[in-house]
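Asker: Whatever this is, show me its structure:
(one chain, ligands or ions: 2)
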Amino acid sequence: MQVSLQINARWVITVDADDNVLENHAVIIQDDIIIDVLPQQDAKKYSPVELIECNDHALAPGFINAHTHAAMSLLKGLADDLPLDEWLNDHIWPAETALADSDFVKDGTELAIAEMIRGGTTCFNDMYFFIDQTATAVSNTGIRACLGIPVIDFPTRWAKDLNEYISKGLAVHDHFRSNELIHFTFAPHAPYTVCDDSLKTIQPIMDELGLAMHIHLHETEDEVEQSIAKHGVSPIARLNNLGLLNPDLMAIHMTHLSATDIQLIAEHRVNVIHCPESNLKLASGFCPVNELITSNINIAIGTDGSASNNDIDMLGETKTAALLTKGRTKQADALPAKTALRMATINGAKALRLDKKIGSLEIGKQADMFAINLNSIETQPIYDVISTLIYSANRSQITDVWVAGQRLMQDQQLTTLDEAQLIEKVKHWQRKINPFHHQPNKAV
Ligand SMILES: CSC[C@H]1O[C@@H](n2cnc3c(O)ncnc32)[C@H](O)[C@@H]1O
Ligand SMILES: [Zn+2]
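Answerer: Residues are numbered from 1 along each chain as shown. Ligands and ions are numbered 1, 2, ... in the order given. You can find the predicted model right below:
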């Protein structure tokens, strides 16, 4: 039988229901779909147009970055070592007001996509302005993405008011709705920047179009305290009062949770998106991952934007998530490597409601995956390949990446983006953005 692609891999990390790791298996791909996974010696029945040998590699489902702001890659390192409110109000928002236009989003998103592909990310869940540019960059580069239609109760370069946020967002949704790699959510920024009336306005639109919601929630203790002072309840309880808690909600951050908050999340099967490095860097607090797992809550991993991280490296983020939970709970098995990998793949797919399509290497799923060469000093010896991947490997060992069967990185070379040209464009932006660079007082 003729097929488009056969990849022979030393290990296939399936992330199926039993976390099976298959040794010396072949993954058979027809166009965009995995049609078989079988021992290499049994694969002779297939005659592939392309045969790729990954004898030193593990093949794994592509990472799903469940929360980011891709274009903010241009603001990487702009304002470091600050808490969220100061970072956002005094640095990021003023810079965005001055600079975040259509070209900024186009070039910043390309920069982010290049970094994500190089790091094995095949799908990202984005929240930013000018989603027409994000959608174009996604479409041109071949990555998969879920684009949040932004809503925030103040004017930006993208939209002047709620009506414009909605109408411009929906126009992009309508334009790209037939693109198989582009999905949409509604993305109200946060409960402290979007009032009840705005949330009530978007609710029926989300329902009618069957769109999920993606919102920053319980990011800091301050946010929770201010919500209690202003509304009498925590931010998640406020969303519950508005009837917004359901399995189509992705709640980003979720630190400082009371037992009642956790009960609400579990009861309504809300998805929690854990962004450990952004929470650490902005000193926001800790998501109680262990307690959420115990309550059977779906937890996925996001990097947040590069301005608060300062990278969008899902492999590194996943290791941080595992180590942080162990340290916080003083329990070494609180988040094992296997569970952390599930959070970075299939759980992200579940949160995006794409788990029938992506998130694992199984027959019938889209061929979204990466190959990582483990035959290096850093990753030898190998006793358990998932442990090696999460605890020892580095994203620079990733050699090849496919989305829907298209090879977006081949032997560490991007195939749909020109890296040298991109770096030149970014250097131009750096000169323009430099006046906004925050330099804290140097210690004497
Ligand atoms: C509505 S577009 C996205 C908006 O969110 C800002 N942002 C980026 N990171 C964070 C964060 O961790 N918490 C809150 N807001 C964040 C970004 O600068 C855009 O203005
Ligand atoms: Zn964010």
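Asker: This structure against ligand 1: which residues are in contact?
Answerer: Where the chain comes near ligand 1, counting by C-beta under 6 Å from any ligand atom, the residues are 69, 84, 88, 92, 96, 127-129, 150, 152, 189-190, 216, 219, 278, 304-305, 308. The C-beta positions use only the backbone N, C-alpha and C, and glycine is treated the same way.
Asker: So which of those sit within strands?
Answerer: Under the assignment DSSP state E, the residues of the chain next to ligand 1 contribute 127, 150, 216 to strands.
Asker: Which positions within stretch 237-251 qualify as buried?
Answerer: By neighbour count on 16 or more other C-beta atoms under 10 Å, the buried set for stretch 237-251 is 237-240, 244-245, 248-251.
Asker: for stretch 4-19, same thing?
Answerer: Applying 16+ other C-beta under 10 Å to stretch 4-19 flags 4-16, 19 as buried.
Asker: what's the spacing between stretch 337-355 and its chain's center?
Answerer: Relative to the chain's own centre, stretch 337-355 is displaced by 10 Å; criterion: C-alpha atoms, centre = their mean, to the nearest Å.
Asker: For the stretch 51-200 of the chain, which segments count as helices?
Answerer: Secondary structure of the stretch 51-200 of the chain (DSSP state H, counting those that start in this stretch): helices at 84-86, 93-99, 102-118, 131-141, 162-176, 196-209.
Asker: ranking those by burial, who's on top?
Answerer: Mean neighbour count, computed with mean count of other C-beta atoms under 10 Å, is highest for helix 102-118 among these, reaching a mean of 24.
Asker: Just the CA atoms from that one would do, formatted as CSV, please.
Answerer: The C-alpha coordinates for helix 102-118 follow below in CSV (Å, rounded to 0.1, in the frame of the first residue of the first chain):
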residue,chain,number,x,y,z
SER,A,102,-0.6,45.2,12.7
ASP,A,103,3.1,44.9,11.7
PHE,A,104,4.1,44.4,15.3
VAL,A,105,1.7,41.4,15.6
LYS,A,106,2.8,40.0,12.2
ASP,A,107,6.5,40.1,13.0
GLY,A,108,6.2,39.2,16.7
THR,A,109,4.0,36.2,15.9
GLU,A,110,6.4,34.9,13.3
LEU,A,111,9.2,35.2,15.8
ALA,A,112,7.1,33.2,18.3
ILE,A,113,6.1,30.6,15.8
ALA,A,114,9.8,30.1,14.8
GLU,A,115,10.7,29.6,18.4
MET,A,116,7.7,27.3,19.1
ILE,A,117,8.4,25.1,16.1
ARG,A,118,12.1,24.8,17.0
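Asker: ok, the residue of the stretch 151-300 of the chain found nearest ligand 1 - contacts?
Answerer: Here the residue of the stretch 151-300 of the chain nearest ligand 1 is residue 189; by C-beta to the nearest ligand atom that distance is 4.0 Å. Contacts of residue 189 were listed using C-beta atoms under 8 Å, 6 or more residues apart in numbering, and they are 127, 150-152, 215-216.
Asker: With residue 4 instead?
Answerer: 29-31, 48-50, 405.
Asker: and if we set it to 6 Å?
Answerer: Contacts for residue 4 (C-beta atoms under 6 Å, 6 or more residues apart in numbering) come out as 29-31, 49.
Asker: Of these, which belong to helices?
Answerer: With DSSP state H as the criterion, helices contain none of the contacts of residue 4.
Asker: Where neighbours are concerned, which of those has the most?
Answerer: Using other C-beta atoms under 10 Å as the neighbour test, these are led by residue 29, with 24 neighbours.
Asker: Against ligand 1, how distant is the closest residue to that residue other than its chain neighbours?
Answerer: Once flanking residues are discounted, residue 29 sits nearest to residue 5: 4.1 Å by C-beta to C-beta, 6 or more residues apart in numbering. To ligand 1, residue 5 is 37 Å away according to C-beta to the nearest ligand atom, to the nearest Å.
Asker: Could you give the bridge partners of residue 5?
Answerer: Bridge pairing for residue 5 (DSSP bridges) gives the partners residue 29, residue 50.
Asker: Surely it and residue 50 touch.
Answerer: Yes: Residue 5 lies in contact with residue 50 (C-beta atoms under 6 Å); the separation is 4.9 Å.
Asker: Where does pLDDT dip in this protein?
Answerer: Filtered on pLDDT under 70, the chain yields the residue ranges 441-444.
Asker: ok now do the residue nearest the centre of it, which residues does it touch?
Answerer: In the chain, the residue lying closest to the centroid (C-alpha atoms, centre = their mean) is residue 65, at 1.6 Å. Shown in contact with residue 65 (C-beta under 6 Å, 6+ apart): 121, 124, 302-303, 314.
Asker: 7 Å instead, please
Answerer: When contacts are counted by C-beta atoms under 7 Å, 6 or more residues apart in numbering, residue 65 touches 116, 121, 124-125, 302-303, 312, 314.
Asker: Give me the nearest residue to it, chain neighbours excluded.
Answerer: Excluding the flanking residues, the one nearest residue 65 by C-beta to C-beta, 6+ apart is residue 124, at 4.2 Å.
Asker: That'll do, ta.
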